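[1] could you look at this predicted model? Sequence included:
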Amino acid sequence: MLQRIQKCACVALLFTPVVVGLEKPGTVYKVFQFPADQIPRVDDKTNDWDVVPEDYVIGMDQLTDSNNNLKHDSKDIDVKVKVGWVKGLNRLFFLYEAWDDYWSFARPDQHNDMFEVAVDGNLSGGPFIKDLHPETRLDPWNMYRATQGVHAQNWHVFTPAEGKDWVMVWGCQQPWIRELPYGNAAYSYNFKHGGSGKLVLEFWLTPFDHADCDRGPGYSVESNLTENKIIGLAWAVKDYDDDSENAKAFWNLSPKVTMYGNASDLVAFRLMPLEARFRKPIEAKWSFKILDVDRKLVAFQDLSEGNITSWTWDFGDGTTSDDRHPIHQYRTGGEYRTVTLYVEGPAGKARRAKVFDVVLP
């Protein structure tokens, strides 16, 4: 079981550290990595998702009803979900395809068929809804500001949303966190309230390690999404089959219904590397860091992909190195310098040049 210690200081109050873990130990779901030139477009078409293999699909067989312990009947409701990400973007992309025998979405309040998503981008764990938090020393308003949606978020995505915003995000971050550039959605369906049919929903959201309630996005920290990172994620499908107050079912990916407000009750998802079919046999990549400006000392790091047997660096000042991760000291400063890495392996050769990136006084 994945564990992490959480420390949260909010409104000058130091909460007690807790040890947290994810549900479904031993199960890790996959988040598909889209190539940078195939970022899914949020529209009424799903062909962007055709590249996602079937073993990434999460269907009703993975969900249990937390309301009445119903057995799944595909004639009542059937849902499948794909989740994706793009390296370099702190966004999670979702394709939600659902058939329902009764779609409920006429009312303007929370009474609406729903796809409820909870995400914890850095496995901070613990409650992120004030009603579930054990802290009792703060009044309800300060508890709301200190905890609600701050270190993890709950997205109530309405399926469909007519005459209302597409999602309700629990927390006072809601006015900005659901809008561009942090979230977006598109629907496709042809049924009316009370009817049956298929709904297709595409959306993306931005998870935050700290979503600042009082000061907004400028004081918030997006979750850094990187290859092979494990995040906490879960969802539930809230299904109304008539206009009564209570939902017929709450189909839940987590074994615990409290996944809606406790990040420790989410399940593990891995941000997968690119599938082999999208990768080049050999590709030169690198980065650098200036260690000492005055001494003009620069560290270069090879990030190349493929089976590589040799590296050659041209530092743009007439000198070279065959080290994989060289540290180079320039004799003079320069702004108009081109640095190039050449790599070679059984699959061939490649180079990567950066023009005017390495600038020294």
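    Received, thanks.

[2] quick one: buried residues of stretch 260-279?
    260-269, 271-272, 274 (16 or more other C-beta atoms under 10 Å). For the C-beta atoms, the positions are set from N, CA and C on the backbone; glycine is no exception.

[3] taking the residues you listed one by one, which sit in strands?
    If you go by DSSP state E, these have 267-269, 271 in strands.

[4] kindly reformat those residues as a markdown table containing pLDDT and distance to residue 64.
    Below are these laid out as a markdown table (pLDDT from 0 to 100; distance: C-beta to C-beta, whole Å):
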| residue | pLDDT | distance to residue 64 |
| --- | --- | --- |
| 267 | 97 | 12 |
| 268 | 97 | 17 |
| 269 | 98 | 18 |
| 271 | 98 | 25 |
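
[5] make a markdown table out of the buried residues of stretch 260-279 and add distance to residue 105.
    Putting the buried residues of stretch 260-279 into a markdown table (distance: C-beta to C-beta, whole Å) gives the following:
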| residue | distance to residue 105 |
| --- | --- |
| 260 | 20 |
| 261 | 24 |
| 262 | 28 |
| 263 | 28 |
| 264 | 32 |
| 265 | 27 |
| 266 | 26 |
| 267 | 28 |
| 268 | 32 |
| 269 | 28 |
| 271 | 32 |
| 272 | 34 |
| 274 | 37 |
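
[6] from the residues you listed, which two are the most distant?
    Greatest spatial distance among these (C-beta to C-beta): 261 and 274, at 34.2 Å.

[7] what is the burial count for residue 249?
    Per other C-beta atoms under 10 Å, the neighbour tally for residue 249 reads 23.

[8] got a list of what the residue nearest to residue 130 when sequence neighbours are not counted touches?
    Spatial nearest neighbour of residue 130, chain neighbours left out: residue 143 (4.2 Å); criterion: C-beta to C-beta, 6 or more residues apart in numbering. Neighbour list for residue 143: 130, 133, 135 [criterion: C-beta atoms under 8 Å, 6 or more residues apart in numbering].

[9] let me know the secondary structure of residue 143.
    helix (DSSP: H, G, I helix; E, B strand; the rest coil).

[10] kindly report the same for residue 175.
    Quick answer, by three-state DSSP: residue 175 is helix.

[11] what's the separation between it and residue 309?
    54 Å (C-beta to C-beta, to the nearest Å).

[12] how much space separates the residue lying closest to residue 210 once chain neighbours are set aside from residue 207?
    Nearest residue to residue 210, sequence neighbours excluded (C-beta to C-beta, 6+ apart): residue 221, at 4.4 Å. Counting by C-beta to C-beta, the gap from residue 221 to residue 207 is 10 Å.

[13] which of these two has more neighbours?
    Taking neighbours as other C-beta under 10 Å, residue 221 and residue 207 compare with residue 207 leading, 25 against 15.

[14] ok, the more buried one touching residue 231?
    Yes: with contact defined as C-beta atoms under 8 Å, residue 207 counts as touching residue 231 (7.2 Å).

[15] and the most centrally placed residue in the chain, what pLDDT?
    The residue lying closest to the centre of the chain (C-alpha atoms, centre = their mean) is residue 92, at 3.6 Å. With respect to pLDDT, residue 92 scores 98.

[16] contact partners for it?
    31, 83-85, 119, 204-207, 225, 233.

[17] cool, thanks, talk later.
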